[in-house]
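Participant: Sequence below, structure please.
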Amino acid sequence: MFKDIFQKKRKYATIPSERTGQNDAPEGVDRPRREVPEGLMNKCSKCGTIQYSKELEKNLKVCPSCGYHMRLNAMERVKMTLDEGFIEYDSDMVSVDPLEFPGYKSKLEQQTMKSGLKDAVVTGEGSIDGHPVVVCVMSFDFFSGSMGSVVGEKITRAIEKATQKKLPLIIFSTSGGARMQESILSLMQMAKTSSALARLDEQGGLYISVITDPTTGGVSASFTMLGDINIAEPGAIFGFAGRIVIEQTIRQKLPDDFQTAEFNLQHGQLDMVVHRKDLRTTLAKLLDMHEVKGEV
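Facilitator: A predicted model of the protein is given here:
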């Protein structure tokens, strides 16, 4: 009795271990285990703060604690940026295995199942605050946003549509670079997309490049940095070679903020860094300022 009176009370409630299956129920009585539904919570990869996923979505997937801009998939970006009525281009286009690279076909199938996309970019036509635009939106969750022949072809076709219809073009980039499983066929997309942009420029077309985290390799070295206006989200990492490769090559320690949007802005590689909550409004103002009239 005295032991029960003076026993130190628990300060926090405990949840039974799923590994052991033990709980405080009377012997022979099984209580239902308390489980957190999958997807209910989300942890910031930068500061570690745990938040409700629905609240995070309301905040456009920007961590309210540290301001870290989490990655968006292509359709999330489309929904967040464009008005209703988006028309997708080339939705049936899928990658094949032209070089018969070992395991490539199965990896493509896995990436489609995981991301719900057919490749690493979604292209199409829509409007932003009533201004008609052609957009290309890359998605890092399909093969790390790598650029193969389909990505390059879809972007090139979208650029040609913008040129033909005299519509402004916006490309949202995120990528790990050219897709090695397609070798030279992926590398040639750098020249193909850049050539298409040159023709758009010759016709007086407007191209706005929006750089998101991360954008590296052949994508950063081609269409990403060719915008008439180059914008990046806060903290976005972009550049050609990775930090470790550069440090090993030059044998020097790089600044902590090297290759961030803020660092690149300071060194003349960007026109502006825009918070995600202000991006749609900023794009609408730029489109209005340039008064680009399209042919419907």
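Participant: Can you tell me which helices and strands the helix or strand harbouring Thr163 packs against?
Facilitator: According to DSSP states H and E, Thr163 maps onto helix 149-165. The contact analysis (3 or more CB pairs under 8 Å, 6 or more residues apart in numbering; DSSP states H and E) places helix 149-165 against strand 87-89, strand 121-128, strand 131-138, strand 169-175, helix 183-202. For the C-beta atoms, the positions are set from N, CA and C on the backbone; glycine is no exception.
Participant: among these, which is the most enclosed?
Facilitator: strand 169-175 (a mean of 27; mean count of other CB atoms under 10 Å).
Participant: For the helix holding Thr163, output the C-alpha coordinates as CSV.
Facilitator: C-alpha atoms of helix 149-165 as CSV (Å, rounded to 0.1, in the frame of the first residue of the first chain):
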residue,chain,number,x,y,z
SER,A,149,15.2,11.9,-74.8
VAL,A,150,11.5,12.2,-73.7
VAL,A,151,12.1,15.1,-71.4
GLY,A,152,14.1,16.9,-74.0
GLU,A,153,11.6,16.2,-76.7
LYS,A,154,8.6,17.3,-74.6
ILE,A,155,10.3,20.6,-73.6
THR,A,156,11.4,21.2,-77.2
ARG,A,157,7.8,20.7,-78.5
ALA,A,158,6.5,23.0,-75.8
ILE,A,159,9.0,25.7,-76.8
GLU,A,160,7.9,25.3,-80.4
LYS,A,161,4.3,25.7,-79.3
ALA,A,162,5.1,28.9,-77.5
THR,A,163,6.9,30.2,-80.6
GLN,A,164,4.1,29.3,-82.9
LYS,A,165,1.3,30.7,-80.7
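Participant: What residues of that helix count as buried?
Facilitator: For helix 149-165, burial by neighbour count (16 or more other CB atoms under 10 Å) applies to 149-159, 161-163.
Participant: again with stretch 103-117
Facilitator: Within stretch 103-117, the residues that count as buried by 16+ other CB under 10 Å are 104, 108, 111-112, 115, 117.
Participant: Make a markdown table out of the residues you listed and add pLDDT and distance to Gly235.
Facilitator: A markdown table is the format used below for those (pLDDT from 0 to 100; distance: CB to CB, whole Å):
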| residue | pLDDT | distance to Gly235 |
| --- | --- | --- |
| Tyr104 | 96 | 32 |
| Leu108 | 96 | 31 |
| Gln111 | 95 | 26 |
| Thr112 | 95 | 29 |
| Ser115 | 93 | 23 |
| Leu117 | 95 | 24 |
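Participant: From the buried residues of helix 149-165, pick the one nearest Lys61.
Facilitator: Lys61 lies nearest to Val151 out of those, by CB to CB, at 23.0 Å.
Participant: who's in contact with the closest one?
Facilitator: Contact analysis of Val151 by CB atoms under 8 Å, 6 or more residues apart in numbering lists 119-121, 138, 179, 189.
Participant: Okay, angle between the helix holding Thr163 and strand 169-175 too, please.
Facilitator: Counting by axes from the mean of the first three to the mean of the last three CA atoms, to 10 degrees, helix 149-165 lies at 160 degrees to strand 169-175.
Participant: what distance separates helix 149-165 from the centre of its chain?
Facilitator: Centroid separation for helix 149-165 versus its chain: 19 Å, with CA atoms, centre = their mean, to the nearest Å.
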